[in-house]
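Participant: here is my input, please return the structure:
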Amino acid sequence: MSAILEKLNIIQSKLKAPKGQYNKFGDYPYRSCEDILEALKPLLAETKTVLVISDEIEFMGDRFYIRATCNLFDVESGENISSSAFAREPEIKKKMDAAQITGSASSYARKYALNGLFAIDDTKDSDSNEDQGQTNSVKPANGNGQAVNVQKIRNEIAQMLKVKNYDFNKFVGYLKQNYGIEKIEALPVEKLMQLKKTVASW
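Facilitator: Numbering: from 1, shown residues only. Reported below is the predicted structural model:
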């Protein structure tokens, strides 16, 4: 095994990056790019490695994407290993200037590039029903189509609201006015899917 892979193995086995952030829209904890980097710093020093993250803007189809690349360098051997991830700039730019939009996409891309390089699983949240032996997948009432992962849709809505920098109180007001509820957890699957389409159009 090469020196860089040995050191990467040490970092992956020791890395603890708790979910230090809280998303009030989706009511779940999550880890940010900054959380991962903070947890990495002592391990980089221990293994004598350096992490360098860079961004590139790429145009694919009719959209701009941020490509983030994480390069892990071995100070002693000079070897390096890398991982890349993409994030798309949103079409909707409400309440965000160009710098904020690009910065948000960059942060997402960097987070997932870090996840890939350091074997971080970001698919489970503490509010999932997995621990209770239940499932978040249900079928729409009309019986058509595949089962729907309800929690995944909630998380996607929360992420879209975050990217759009949408005001939380305004969102709660929208839920009250249109659905008579204050939390998206109370929405049945059909209305939840409808809400996702609505939020995507904002």
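
Participant: what segments of the protein are helices?
Facilitator: Along the chain, the stretches classed as helices by DSSP state H are 3-14, 33-47, 98-118, 150-163, 168-179, 189-201.

Participant: hey, least reliable of those helices by pLDDT?
Facilitator: With a mean of 77, helix 150-163 has the lowest mean pLDDT of these.

Participant: which elements pack onto it?
Facilitator: helix 98-118, helix 189-201 (3 or more C-beta pairs under 8 Å, 6 or more residues apart in numbering; DSSP states H and E). Backbone N, C-alpha and C define where each C-beta goes, glycine included.

Participant: reformat those as JSON lines; add distance to V75 and mean neighbour count.
Facilitator: Formatted as JSON lines, the helices and strands packed on helix 150-163 follow (distance: least, C-beta to C-beta, whole Å; neighbours: other C-beta atoms under 10 Å):
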{"stretch": "helix 98-118", "distance to V75": "17", "mean neighbour count": "19"}
{"stretch": "helix 189-201", "distance to V75": "45", "mean neighbour count": "15"}
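
Participant: could I get those as JSON lines with distance to N9?
Facilitator: Shown next, in JSON lines, are the helices and strands packed on helix 150-163 (distance: least, C-beta to C-beta, whole Å):
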{"stretch": "helix 98-118", "distance to N9": "11"}
{"stretch": "helix 189-201", "distance to N9": "39"}
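
Participant: hmm, back to that, so can I have JSON lines of the helices of the chain showing distance to R67?
Facilitator: JSON lines is the format used below for these (distance: least, C-beta to C-beta, whole Å):
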{"stretch": "helix 3-14", "distance to R67": "21"}
{"stretch": "helix 33-47", "distance to R67": "15"}
{"stretch": "helix 98-118", "distance to R67": "7"}
{"stretch": "helix 150-163", "distance to R67": "17"}
{"stretch": "helix 168-179", "distance to R67": "30"}
{"stretch": "helix 189-201", "distance to R67": "23"}
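
Participant: of those helices, which approaches N23 most closely?
Facilitator: The minimum distance between N23 and the helices of the chain falls on helix 150-163, with 5.0 Å, by C-beta to C-beta.

Participant: hang on, the earlier thing: wait, which of the helices of the chain is closest to E58?
Facilitator: helix 98-118 (10.6 Å).

Participant: select, out of the helices and strands packed on helix 150-163, the one closest to S54.
Facilitator: helix 98-118 (9.4 Å).

Participant: helices or strands up against that closest one?
Facilitator: Secondary-structure packing of helix 98-118 (3+ C-beta pairs under 8 Å, 6+ apart): helix 3-14, helix 33-47, strand 49-60, strand 63-74, strand 80-88, helix 150-163.

Participant: which one of the helices and strands packed on helix 150-163 lies nearest to F168?
Facilitator: It is, among the helices and strands packed on helix 150-163 and with distance given as C-beta to C-beta, helix 189-201, at 13.0 Å.
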